[in-house]
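Participant: fold the stuff below for me.
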Amino acid sequence: MANVQKYFEEFHDKIRIDYETNATLREKRDIILDRISKYLKDNDLPGFDALMQGSYAFGTGVTPLEGIEFDIDVGLCFKISDKEYTPQEVHGWIFKAVDGHTEKVEDRGPCIRVTYADGYHVDLVPYARWEDANKVTNYRLGHKDKGWRQADPVELLDYVKKARTAFSGTEDDKTKTDQFRRCVRYLRRWHDTIAPGKLRSKPTGLAFILMTVNGLQPAKFFDGKPDDRGALEKMAQRYGQTIGRITAIKPTPEYEDILARLTDQDMDNLKSRYRDLAAGLRAADQESDPVEACKILRKFFGPDFPVPSPENTGKKTKAPAIVTSSSSA
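Facilitator: Have a look, this model is predicted:
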């Protein structure tokens, strides 16, 4: 059986995006936040604290494939209660602050979206945050159409952080990323590869995180090194064999199923893809030649998955012996 762990880790290093070390993304984010802060101050309006959300905060971002817009989620935690202002008012502040910053600024339901021509957008999610008489911090998400909605973005971050503790000791040498976060990235790129484009039927990044929380178990070889292929196979097999619908229940208010928007047919398709992935991962494990194993994996994860050259794997290509018609004198 071929050990393909090093190729998974090379793949991870190639597809990951680390926002804190990406100067361009960090600069764009900070310019927007500075612009909003200035507008609020100039108009004597309440200030906010920024809270990184989504892939930015979870450390599970992947470089987007063509046709997929990369997104950055930033929570704006305003120092107000849900009784002082309406979500529409708060949306208005943010929109006016960033309007004209790029050619496309939209006031959407849960956020204000600033889209860049480079192929990504920043979602600005407003929250009211205050401390009640019992010294408990309360959060409400400001939805433009649905009013103040229960939320706890900090608790969601803590929930995922706690789930990752089981994966302590599975970090790779180069990026120091644990198996949990690596596998979320693999799964996101896998699904973007086999279901290209931005489709409503595709699970969101948060859905893949919650599915990984519920379905991934740490996997290691006998020497203690992480086994990403084995961990992914067991998770894919579990979801591929699920009876009924796969669920991804958000562990914080409003406790919704993130996969509820998928139709029954979408769900059947997702489970079928998981079954195919499990079979592919199993087939790769049964290959003795790392080259052939990686060729199988590339079919699922796309051309960024490395395929080593035979001379670098220690495997010799079998060839017939050369038989001459006469011996030399």
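Participant: just give me the longest strand of this structure.
Facilitator: In terms of residue count, the longest strand belonging to the chain (DSSP state E) is strand 120-131.
Participant: only C-alpha atoms, please: export that one in CSV.
Facilitator: The C-alpha trace of strand 120-131 is given here as CSV (Å, rounded to 0.1, in the frame of the first residue of the first chain):
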residue,chain,number,x,y,z
TYR,A,120,-13.6,38.1,-4.2
HIS,A,121,-15.9,40.0,-1.9
VAL,A,122,-16.1,41.1,1.7
ASP,A,123,-19.3,40.4,3.6
LEU,A,124,-19.9,42.9,6.5
VAL,A,125,-22.2,41.3,9.0
PRO,A,126,-23.7,43.7,11.6
TYR,A,127,-24.4,42.6,15.2
ALA,A,128,-25.8,44.4,18.2
ARG,A,129,-23.7,43.4,21.3
TRP,A,130,-24.5,44.4,24.9
GLU,A,131,-24.2,43.1,28.4
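Participant: strands paired with the following helix or strand past that strand, and their directions?
Facilitator: Proceeding N to C from strand 120-131, the next assigned helix or strand is strand 137-143, under DSSP states H and E. Counting by DSSP bridges, the strands paired with strand 137-143 are strand 120-131 (antiparallel), strand 147-150 (antiparallel).
Participant: check which residues of strand 137-143 are buried.
Facilitator: Buried residues in strand 137-143, counted by 16 or more other Cβ atoms under 10 Å: 138-143. To be clear about C-beta, it is placed using only N, CA and C from the backbone, and glycine gets the same treatment.
Participant: pull the residues that contact it.
Facilitator: Strand 137-143 is contacted from outside by 77, 81-82, 87, 90-91, 109-110, 125-132, 148-154, using Cβ atoms under 8 Å, 6 or more residues apart in numbering.
Participant: export that strand to CSV, keeping only CA atoms.
Facilitator: Extracted C-alpha coordinates of strand 137-143, given in CSV (Å, rounded to 0.1, in the frame of the first residue of the first chain):
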residue,chain,number,x,y,z
THR,A,137,-23.0,39.3,26.8
ASN,A,138,-25.8,39.2,24.2
TYR,A,139,-25.5,39.1,20.4
ARG,A,140,-28.2,39.8,17.8
LEU,A,141,-27.5,39.6,14.1
GLY,A,142,-29.0,42.5,12.2
HIS,A,143,-30.9,41.0,9.2
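Participant: what sits against Asp285?
Facilitator: 1-2, 229-230, 233, 293.
Participant: pLDDT weak spots in the stretch 201-329 of the chain?
Facilitator: 314-329 (pLDDT under 70).
Participant: I'd guessed Thr193 sits against Gly302; true?
Facilitator: Yes. Assessed by Cβ atoms under 8 Å, Thr193 is found in contact with Gly302 at 4.0 Å.
Participant: need the overlap of contacts for those two.
Facilitator: Common neighbours of Thr193 and Gly302 (Cβ under 8 Å, 6+ apart) are Leu65.
Participant: do you know the pLDDT at Lys174?
Facilitator: At Lys174, the pLDDT value in this model is 94.
Participant: please name the nearest non-neighbouring residue to it.
Facilitator: Among residues not flanking Lys174 along the chain, Asp13 sits closest, at 5.8 Å (Cβ to Cβ, 6 or more residues apart in numbering).
Participant: next, count neighbours for that neighbour.
Facilitator: 14 (other Cβ atoms under 10 Å).
Participant: and if you look at Lys135?
Facilitator: So Lys135, with other Cβ under 10 Å, has 6 neighbours.
Participant: then Tyr39?
Facilitator: 16.
Participant: Arg245 too?
Facilitator: By the criterion of other Cβ under 10 Å, Arg245 has 15 neighbours.
Participant: show me how far stretch 73-91 is from its chain's centre.
Facilitator: With Cα atoms, centre = their mean, to the nearest Å as the basis, stretch 73-91 stands 26 Å off its chain's centre.
Participant: same thing with stretch 186-194?
Facilitator: Worked out by Cα atoms, centre = their mean, stretch 186-194 lies 10 Å from the chain centre.
Participant: tell me which residues touch Ala50, please.
Facilitator: Taking Cβ under 8 Å, 6+ apart as the test, what Ala50 contacts is 33, 74-77.
Participant: just the ones in strands from the residues you listed, please.
Facilitator: Short answer: these in strands (DSSP E) are 74-77.
Participant: quick one on the thing from earlier: among the contacts of Ala50, which one lies nearest to Asp264?
Facilitator: Gly75 (32.9 Å; Cβ to Cβ).
Participant: any idea how many residues pack against that closest one?
Facilitator: Neighbours of Gly75 (other Cβ under 10 Å): 25.
Participant: and Gly302, by the same measure?
Facilitator: Neighbours of Gly302 using other Cβ under 10 Å come to 17.
Participant: and what of Asp223?
Facilitator: 5.
Participant: what helix or strand is it located in?
Facilitator: Short version, using DSSP H and E: Asp223 is in no helix or strand.
Participant: again with Met52
Facilitator: strand 48-53.
Participant: just Ile72 next, same as before
Facilitator: strand 70-78.
Participant: right, I'll leave it there.
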